[in-house]
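> I need the structure of the sequence given here:
(one chain, ligands or ions: 1)
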Amino acid sequence: VSHVPQDMTGRTVVVTGATDGIGRVTAERLAQRGARVAIVGRNAAKVRATVDAIAGAAPGAPPPTGIVADLSVQAEVRRAAAELDASLPAVDVLVNNAGAIFSAHQSSADGIERTFALNHLGYFLFTKHLLPALRRGTAPRIVVVASEAHRGASLVLDDLTFRHRRWTSWGAYSESKLANIMFTYALARRLRGTGISANCLHPGFVRTQFGSTGGMFGMLLRMVMQVSAISVERGAATSVFLAADRTVSARSGEYYDASKARRSTDGSYDAEAQEALWVASERLVGEPFTV
Ligand SMILES: NC(=O)c1ccc[n+]([C@@H]2O[C@H](COP(=O)([O-])OP(=O)(O)OC[C@H]3O[C@@H](n4cnc5c(N)ncnc54)[C@H](OP(=O)(O)O)[C@@H]3O)[C@@H](O)[C@H]2O)c1
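All right, here's what the predicted structure looks like:
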């Protein structure tokens, strides 16, 4: 990727799921460009170690900070956002990155299918509660890590949480990644005129810890990963590009792949379905999200 992201000195960036994989490299690269970075992870020891590693790799940047929160749990999402809102003068960039694929059908602490709870509702609720801090930012950007996996999916709006249909690992995952894209488009529409942008992306097929939670699918995925996936360095490039590059400062409501705008599936542009997803998401988090 040939783009040289702009200097991030003076900018504050929040990256979720930054204790490993794409999120970790994204946070580190942005810190190396001078950003003050705040990371969110679920494992306290890993958060501490990552904060130290980023500080070591980016000695010129303000000291990074870490928040420990399981982003599949709504109360923890609210608390994490509240802590950041209280401790940071402003947030200029939010990178919603924390995500996973699960090998078994499980419920979150809030009783919601875990893939949808973490991958979609985590982004939705965290963005809502971080919006006041983003409004205090300068030319604020919201970056959403989605996936090409969305191409095989369609949203089942009357059963987003798999209560009345057969659950599959990949089915739940790909639908959650389609939800990421449709959420981004609906969010960008609401943010028009506010100066805050929202874009989403596919990082590529990246060699990370993704899928390491086990299961047949995870095992197969990780075998294929060893052979054909790109490095985590390259995998973070489009996130860094959308977080930092000057050329996208006026872009919003777009999907990127390899740092280029690309069309997502036809179905993802269905504004009526995006709005239905928004309303369903508000119901599932038990609060309105008004921009
Ligand atoms: N890898 C790919 O090929 C690929 C392709 C398309 C899209 N993506 C997307 O890229 C994003 C990052 O994935 P990755 O490949 O970098 O995976 P990864 O190596 O497994 O990293 C995921 C990160 O999210 C964190 N996380 C997981 N569950 C969490 C929870 N409940 N609360 C808070 N943090 C949590 C993990 O924390 P721990 O360190 O504690 O595990 C880790 O920091 C995901 O949204 C994924 O859907 C990946």
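> does the ligand sit close to the lowest-mean-pLDDT helix or strand in the chain?
Ranking every helix and strand in the chain by mean pLDDT, DSSP states H and E puts helix 215-228 at the bottom, with a mean of 86. No. Judged by CB under 6 Å from any ligand atom, helix 215-228 stays clear of the ligand, getting no closer than 7.1 Å. Every C-beta, even on glycine, is put in place using the N, C-alpha and C of the backbone.
> quick one: buried residues of the helix or strand following that helix?
The C-terminal neighbour of helix 215-228 among helices and strands, as given by DSSP states H and E, is helix 232-235. Using 16 or more other CB atoms under 10 Å as the test for burial, helix 232-235 gives 232, 234-235.
> Stretch 192-205 now?
Applying 16+ other CB under 10 Å to stretch 192-205 flags 196-205 as buried.
> Keep those residues, but drop any that are not near the ligand.
202-203, 205.
> Residue of the stretch 51-200 of the chain closest to the ligand, please.
In the stretch 51-200 of the chain, the residue that lies nearest the ligand is residue 99 (2.4 Å; CB to the nearest ligand atom).
> Residue 67 versus that residue, what's the distance?
According to CB to CB, to the nearest Å, residue 99 and residue 67 sit 17 Å apart.
> So for the two, which sits in the more crowded spot?
The neighbour comparison of residue 99 against residue 67 (other CB atoms under 10 Å) goes to residue 99, with 25 against 20.
> Is there a neighbour count for residue 132? I'd like the number.
Counted with other CB under 10 Å, residue 132 comes out at 13.
> Let's test this: what are the backbone torsions at it?
Dihedral pair for residue 132: phi -60, psi -40, per degrees, to the nearest 10.
> what sits against it?
residue 85 (CB atoms under 8 Å, 6 or more residues apart in numbering).
> just the one 3 residues further on next, same as before
Applying CB under 8 Å, 6+ apart to residue 135 gives the contacts 194, 196.
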